[in-house]
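A.B. asks: got a sequence here, can you build the structure:
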Amino acid sequence: MTKEIENVAEEIQQEENVQPQESHTQDTEQQRELSDKEINFQKLRSVKEQLERENQELKNWKQQYEKSYQQQVPQSDDDIGIDDDDIVEGKVVKKLYNEIKNLKRTYESEKLATVPDRLRSKFNDFDNVVTPQNIEKLKTLLKKSIRIKSNGLYNY
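C.D. replies: Next comes the predicted model:
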């Protein structure tokens, strides 16, 4: 009987040794999974922190750029020191009126100067159609139509 008890005791010990090994392997797998999760979370946290630092650096750079840009750009000429209810002096109005007139003239002359270039870009055969000979033909046709109109041929 003592042999049987010893055998039973040995069997129990062997089962206990076997069970902890199985539970030990399960524990190591769980620990590995946890450690993988922890590693992934650490990586995620570090990437997040890096992105936050970069974002903050970009915000700081933007603020510095805006400050330097505002310092470089002089005050606009829109502010002439006149409030909405103030009465304007004639010399200020004349100066502004003359400036507007000059700007209009410049704009019109530049607009007229660019007409042929705009037409060339729009119509590929502009140079072939608009020749000095064709312009002369159009002038003579225009003069004839003016004479016909003035003679009253169109007046019924």
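A.B. asks: got the contact list for the residue nearest to the spatial centre of the chain?
C.D. replies: Central residue of the chain (C-alpha atoms, centre = their mean): Lys62, 14.9 Å from the mean position. With contacts taken as C-beta atoms under 8 Å, 6 or more residues apart in numbering, Lys62 has no neighbouring residues. Placement of C-beta: from N, CA and C, glycine included.
A.B. asks: check which helix or strand covers it.
C.D. replies: helix 2-72 (DSSP states H and E).
A.B. asks: now whichever helix or strand comes after that helix: mean pLDDT?
C.D. replies: Reading on from helix 2-72 to the C-terminus, the next helix or strand found by DSSP H and E is helix 90-113. Taken as a whole, helix 90-113 carries a mean pLDDT of 92.
A.B. asks: same question for stretch 149-156.
C.D. replies: Stretch 149-156 comes out at a mean pLDDT of 62.
A.B. asks: now do stretch 52-67
C.D. replies: pLDDT averaged over stretch 52-67 gives 92.
A.B. asks: for that stretch, buried residues please.
C.D. replies: Under the neighbour-count criterion of 16 or more other C-beta atoms under 10 Å, stretch 52-67 has nothing buried.
A.B. asks: as PDB, could you dump the C-alpha coordinates of that stretch?
C.D. replies: Only the C-alpha atoms of stretch 52-67 are listed here, as PDB (Å, rounded to 0.1, in the frame of the first residue of the first chain):
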ATOM      1  CA  GLU A  52       1.900  66.500 -32.000                       C
ATOM      2  CA  ARG A  53       5.400  68.000 -31.800                       C
ATOM      3  CA  GLU A  54       5.600  68.500 -35.500                       C
ATOM      4  CA  ASN A  55       2.100  70.000 -35.500                       C
ATOM      5  CA  GLN A  56       3.200  72.500 -32.800                       C
ATOM      6  CA  GLU A  57       6.400  73.300 -34.600                       C
ATOM      7  CA  LEU A  58       4.400  74.100 -37.800                       C
ATOM      8  CA  LYS A  59       2.000  76.200 -35.800                       C
ATOM      9  CA  ASN A  60       4.900  78.200 -34.300                       C
ATOM     10  CA  TRP A  61       6.500  78.600 -37.700                       C
ATOM     11  CA  LYS A  62       3.200  79.800 -39.200                       C
ATOM     12  CA  GLN A  63       2.800  82.400 -36.500                       C
ATOM     13  CA  GLN A  64       6.400  83.600 -36.900                       C
ATOM     14  CA  TYR A  65       5.900  83.800 -40.700                       C
ATOM     15  CA  GLU A  66       2.700  85.800 -40.300                       C
ATOM     16  CA  LYS A  67       4.300  88.200 -37.900                       C
END
